[in-house]
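Colleague: build me a model:
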Amino acid sequence: MIALLVFKEKMRLFYSRYEMFVTPVIRFFISFATFLLINKNVGFMTRLNSMVVILVLSLACSILPYGITAILAGGLFLAHISSVSLELALILLVCLLIVAILYYGFQPGDSYLLLLTPIFYYLKLPYAIPLLVGLSKTPVSAVPVGCGTFLFYILQYVKQNAGVLTNDTAVDITQKYAQIMKSMMNNSHMIVMIGACVISIFVVYLLRRLSVDYSWVIAIVAGAVTQLSVIFVGDYMFDVSVSMVELLVGTLISMAIAGVYNFLIFSVDYSRTEYTQFEDDDYYYYVKAVPKITISAPDVKVQKISSTKVHHNAGGER
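Modeller: Numbers count the residues shown, from 1 in each chain. Predicted coordinates:
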């Protein structure tokens, strides 16, 4: 335990000292994963589907706000789609504009959640996002998480139906528009996952704010159980097919990730909890104070002893 606390303190000191270098690196990797995800799923335009383009865009985004990165990701996505179906690109442009209005109207400060959510879905760990957001944000952050989930399922829909969507002779253009909108809006799996994310964020947020011991741990467990419950109900009501092994393994790994986040951010010593009370003219105050677990990183200094000086002193003593 002491070794982990020392490691945590070293990480904190390292980040505080080199923040101006670490932050661009983090932005680069998030941007790189986002653009790579788009090219792997809908890389229809050959000129943009290259590692050079991804690296150049990621390097540019490493010094840009996450909001600009999200806009560039949307532009890359639409560019790929327009190369095979201009009609589909127009429909998706409308969908992205609706997402942007919802996002910037409610929670414009969490642009990175729009990017991280599809990445976690791609890694088969979507259950970690609601736990982390509930621990670190407010319920309003459910908006970008829901929008990010919607964007992921758009990517999946386009990838799975690319042949039908780009076939201009298959159906009338009006029917194609109706078919696309109906397929995207009536995606039961997407609706269930958005519901699971939103409800879990609310549960985790409410529980981790309670004045009880180990509230964050309780919130993590309750948030994971909530997601499982919503998915099971969705499976029963909407016949959503979910791999049980993938669901359980993903949930356990997500809980472990949330547990690591809890250790790094909210390490407290409940054994030294103190209670106090005081009053003023209008109120009585009852305060519960839980001290943080802090430890100083060991400062090891190595002092070199000159061998020449040692021999000189030895000779003088003789």
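Colleague: so the most centrally placed residue in the chain is in which element?
Modeller: The centre of the chain sits closest to L116, judged by Cα atoms, centre = their mean, with a distance of 4.1 Å. For L116, the element it lies in under DSSP states H and E is helix 111-122.
Colleague: for that helix, name the packing helices and strands.
Modeller: helix 19-42, helix 66-82, helix 128-136, helix 142-160 (3 or more Cβ pairs under 8 Å, 6 or more residues apart in numbering; DSSP states H and E). C-beta coordinates here come from the backbone N, C-alpha and C atoms, glycine included.
Colleague: give the rounded mean pLDDT of it.
Modeller: Across helix 111-122, pLDDT averages out at 89.
Colleague: which residues does it contact?
Modeller: The contact list for helix 111-122, computed with Cβ atoms under 8 Å, 6 or more residues apart in numbering, reads 30-31, 33-34, 37, 65-67, 69-70, 73, 103, 126, 128-129, 133, 141, 144-145, 147-149, 151-152, 155.
Colleague: so the residue lying closest to M11 once chain neighbours are set aside is in which element?
Modeller: For M11, ignoring the flanking residues on the chain, the nearest one in space by Cβ to Cβ, 6 or more residues apart in numbering is L264 at 7.6 Å. Applying DSSP H and E as the criterion places L264 in helix 244-265.
Colleague: quick one: distance of that helix to the chain centre.
Modeller: 13 Å (Cα atoms, centre = their mean, to the nearest Å).
Colleague: next SSE downstream of that helix?
Modeller: strand 274-279.
Colleague: and the helix holding L264 with helix 128-136, angle?
Modeller: 30 degrees (axes from the mean of the first three to the mean of the last three Cα atoms, to 10 degrees).
Colleague: would you mind writing the CA trace of helix 244-265 as PDB?
Modeller: Provided in PDB are the C-alpha atoms of helix 244-265 (Å, rounded to 0.1, in the frame of the first residue of the first chain):
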ATOM      1  CA  MET A 244     -23.000 -12.400 -21.400                       C
ATOM      2  CA  VAL A 245     -19.300 -13.200 -21.200                       C
ATOM      3  CA  GLU A 246     -18.400  -9.900 -22.900                       C
ATOM      4  CA  LEU A 247     -20.800  -8.000 -20.700                       C
ATOM      5  CA  LEU A 248     -19.600  -9.500 -17.400                       C
ATOM      6  CA  VAL A 249     -15.900  -9.300 -18.300                       C
ATOM      7  CA  GLY A 250     -16.300  -5.700 -19.500                       C
ATOM      8  CA  THR A 251     -18.200  -4.700 -16.400                       C
ATOM      9  CA  LEU A 252     -15.500  -6.200 -14.100                       C
ATOM     10  CA  ILE A 253     -12.700  -4.500 -16.000                       C
ATOM     11  CA  SER A 254     -14.600  -1.200 -15.900                       C
ATOM     12  CA  MET A 255     -15.100  -1.500 -12.100                       C
ATOM     13  CA  ALA A 256     -11.300  -2.100 -11.800                       C
ATOM     14  CA  ILE A 257     -10.600   1.000 -13.900                       C
ATOM     15  CA  ALA A 258     -13.000   3.000 -11.700                       C
ATOM     16  CA  GLY A 259     -11.300   1.600  -8.600                       C
ATOM     17  CA  VAL A 260      -7.900   2.800  -9.900                       C
ATOM     18  CA  TYR A 261      -9.400   6.200 -10.500                       C
ATOM     19  CA  ASN A 262     -10.800   6.200  -7.000                       C
ATOM     20  CA  PHE A 263      -7.400   5.400  -5.600                       C
ATOM     21  CA  LEU A 264      -5.700   8.100  -7.600                       C
ATOM     22  CA  ILE A 265      -8.200  10.900  -6.900                       C
END
